[in-house]
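Asker: one predicted model, sequence on top.
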Amino acid sequence: MSKSDLFVGPSKKKGGSLSFRRRRRKIEKGKVTAAFVLIAELFAVAACAFALVWFFGYRVQMSGQSMETGIDDGDRLLLNRGAYLMKTPKRGDIIAFYPSGNPNVNPTIKRVMGVPGDRLRVEDGYLYINGEEYKGSPAYKNISDPGVLASEITLGPDEYFVIGDNISASEDSRFTTVGYISMSDIIGRVWWNLSFPNVGVPN
């Protein structure tokens, strides 16, 4: 056996061992990377689920008859709590809000009829907005108790006027017990009724 043979054998053996260790490190790194990717994906899914529930899955329950016949007493409703993050309520939106800004009481459900800057009044039972008769529900043509709308009012920069669809059974912005609503009082817009027979998007 030559001297060269004596040196070649161990050198090859050492090289094979190094190569094996490198492959093992790569495999271990790959497993760690895959674990991190899996954790990140699970976190993303959980975050998306949480956001969907927070924005669209918040439940409130209707109390009273002020929104009949579209929303009945006891109906369970879903709110869109992100509806007004980038925009403000518009006339016709059905909203949930804390009366008098008190978060410790059950939310109230009403329809927005006046937005900041609007002029409202009731004359001969008819609702007028900015000098024009409101052409919506027939209920707005027979308002027996105008409350503060007996004379024209003008809403301020952060004032919303809400009225119940069942006007004769509604305690709303016409009365000082409810008054005008500010953005900070609004929880979100009602977007779905979970209760039969009114299930669906409320009109």
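Answerer: Here it is on my side, so go on.
Asker: quick one: low-confidence parts of this protein?
Answerer: 1-16, 18, 20, 24, 26-28, 30, 38, 42-56 (pLDDT under 70).
Asker: where do the helices of it begin and end?
Answerer: 3-56 (DSSP state H).
Asker: please enumerate the strands of it.
Answerer: Secondary structure of the chain (DSSP state E): strands at 58-61, 76-80, 94-97, 108-114, 119-123, 126-129, 132-133, 153-154, 161-163, 186-193.
Asker: adjacent strands (with direction) for the first one?
Answerer: Sheet pairing for strand 58-61, assigned by DSSP bridges, gives strand 76-80 (antiparallel).
Asker: run through who's touching the partner strand.
Answerer: 55-62, 71, 96, 109, 187-195, 202 (Cβ atoms under 8 Å, 6 or more residues apart in numbering). Every residue, glycine included, has its C-beta placed from N, CA and C.
Asker: mind giving me the PyMOL command for buried ones among the residues you listed?
Answerer: In PyMOL, this line selects whichever of the contacts of strand 76-80 come out buried by 16 or more other Cβ atoms under 10 Å:
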select buried, resi 56+58+60+62+71+96+109+187+188+189+190+192+193+202
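Asker: please identify the most buried of the strands of the chain.
Answerer: strand 161-163 (a mean of 26; mean count of other Cβ atoms under 10 Å).
Asker: tell me what it is packed against?
Answerer: If contacts are counted by 3 or more Cβ pairs under 8 Å, 6 or more residues apart in numbering; DSSP states H and E, strand 161-163 sits against strand 108-114.
Asker: rewinding a little: distance to Asp145 for the strands of the chain - can I get that in CSV?
Answerer: Below are these laid out as CSV (distance: least, Cβ to Cβ, whole Å):
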stretch, distance to Asp145
strand 58-61, 26
strand 76-80, 26
strand 94-97, 21
strand 108-114, 15
strand 119-123, 9
strand 126-129, 12
strand 132-133, 18
strand 153-154, 15
strand 161-163, 11
strand 186-193, 25
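Asker: any idea how far stretch 77-84 is from the middle of the chain?
Answerer: Remark: stretch 77-84 is offset 2 Å from the chain centroid, using Cα atoms, centre = their mean, to the nearest Å.
Asker: for Val201, what are its contacts?
Answerer: Going by Cβ under 8 Å, 6+ apart, the list of residues near Val201 reads 191-193.
Asker: what is the nearest of those residues to Met67?
Answerer: Comparing the contacts of Val201 against Met67 with Cβ to Cβ places Asn193 closest, at 10.1 Å.
Asker: just checking, that closest one touches Ile109?
Answerer: No. Under the criterion of Cβ atoms under 8 Å, Asn193 is not in contact with Ile109, lying 10.5 Å apart.
Asker: chain neighbours aside, what residue packs nearest to Thr177?
Answerer: Spatial nearest neighbour of Thr177, excluding adjacent residues (Cβ to Cβ, 6 or more residues apart in numbering): Glu171 at 6.0 Å.
Asker: now do that neighbour against Lys141, distance only.
Answerer: 20 Å (Cβ to Cβ, to the nearest Å).
Asker: about what we covered before: need the overlap of contacts for Asn193 and Ile109.
Answerer: 71, 77.
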